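Asks: Sequence first, predicted coordinates after that:
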Amino acid sequence: MTHVEPDQPFSLPPSEVDGQPTRCGLIAIVGRPNVGKSTLMNALVGQKISITSKKAQTTRHRITGVRTVDEAQFVFVDTPGFQVKHANPLNRTLNRTVQSTLSDVDIVLFLVEAGRFGMDDAKVLALIPEGKPCVLIANKLDTVQRRADLLPWLKSMQERHAFSEFVPMSAQKQADVDRLFAILKPYLPQQEWFYDEDALTDRSEKFLASEIIREKLFRLTGDELPYTSTVVIDKWDEEGALRRIAATIVVERDAHKGMIIGEKGERLKRIGTEARQELERLMEAKVFLELFVKVRSGWAATEEHLRSYGYE
Ligand SMILES: Nc1nc2c(ncn2[C@@H]2O[C@H](COP(=O)(O)OP(=O)(O)OP(=O)(O)O)[C@@H](O)[C@H]2O)c(=O)[nH]1
């Protein structure tokens, strides 16, 4: 096995599907509240989540859905902590997290309501890195009475940002969603898929669980915590509709351990509660979750450790 740093991007060369090289890429969906991000995400991925990762880099991101259409695999990532309402130091930190997520993806979908662009939209647009392929989705087209009025608006949008594509559509119309896949496909790099096509498996549920704990961990500790902190699932027992899960958060320094545990264990408790609630929702099962924090200095340094944490 070759040595792989967990945060180093690497990719496998494409194989072929029906004579076409496989494509795979990360996509973020951003926009102010209520523009239709969840509606679009659901229409794009449906119920299918496939989460057996072949690529270490994706563990940095919370994967919200995967959809494979012919030779192309679309991997949707979450942008945690998106906050545009109030400018305070915490939100600035969260926005840095958003920016770092956006700089890693292959395409950003920027959603607005067709014919509208307000301050709240402008704040989101400002977080999108220059030069990153960005598609303007003018959503809720069905609510626009006079389509002709959209032309000058689209022109004004063109002046605001160097968008790669302009897609007026309705996230509630399947034909529009199908067309969007075709528009996005050329933006996905030609490489091997990161995920298998099959449905949730036991292993993928475990992966999802560690990802959810990791997301709560980073969200509740802010960006004081280095990205090398990781989550290992130690125990996974299924008894009917009950999951008993034990997991260890592995950090590099004692100081990080203190940061995670918090005063009188409050923060760790909160990480555990939020992770448990989300897991229960996703797995439609009752979950008992035990969390531990361990210090392992320089864990990322050896191949042995990488293997034991699943970076194979
Ligand atoms: N008419 C119409 N309504 C839509 C469309 N897409 C979404 N909506 C509606 O817009 C509202 C907000 O949609 P969401 O998908 O929850 O928006 P969101 O951006 O995820 O919202 P936040 O979670 O607040 O950020 C819902 O009532 C949707 O049904 C569309 O294409 N046309």
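Replies: Okay, I see it.
Asks: mind listing what Ala285 touches?
Replies: 238, 241-243 (Cβ atoms under 8 Å, 6 or more residues apart in numbering). To be clear about C-beta, it is placed using only N, CA and C from the backbone, and glycine gets the same treatment.
Asks: Any chance of JSON lines for those, columns neighbour count and pLDDT?
Replies: Formatted as JSON lines, the contacts of Ala285 follow (neighbours: other Cβ atoms under 10 Å; pLDDT from 0 to 100):
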{"residue": "Glu238", "neighbour count": "13", "pLDDT": "87"}
{"residue": "Ala241", "neighbour count": "10", "pLDDT": "86"}
{"residue": "Leu242", "neighbour count": "11", "pLDDT": "92"}
{"residue": "Arg243", "neighbour count": "21", "pLDDT": "91"}
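Asks: Can you give me the domain boundaries for this structure?
Replies: The chain breaks down by automatic domain parsing into domains covering 16-187, 202-308.
Asks: So for Tyr195, which of these sits nearest?
Replies: domain 16-187 (4.7 Å; Cβ to Cβ).
Asks: pLDDT at Arg253, what is it?
Replies: On pLDDT, Arg253 comes in at 84.
Asks: Run a quick neighbour tally on it.
Replies: Residues lying near Arg253 (other Cβ atoms under 10 Å) number 13.
Asks: quick one, phi psi at it?
Replies: phi -140, psi 160 (degrees, to the nearest 10).
Asks: Asp142: what's it in contact with?
Replies: Asp142 makes contact with 170, 172-173, according to Cβ under 8 Å, 6+ apart.
Asks: how about the helices in the stretch 201-312 of the chain?
Replies: Assigned by DSSP state H, counting those that start in this stretch, the helices in the stretch 201-312 of the chain fall at 202-221, 254-261, 266-283, 303-308.
Asks: try the stretch 1-150 of the chain
Replies: Per DSSP H, counting those that start in this stretch, the stretch 1-150 of the chain carries helices over the ranges 37-45, 89-104, 119-125, 150-160.
Asks: Out of those, flag the one nearest the ligand.
Replies: helix 37-45 (3.3 Å; Cβ to the nearest ligand atom).
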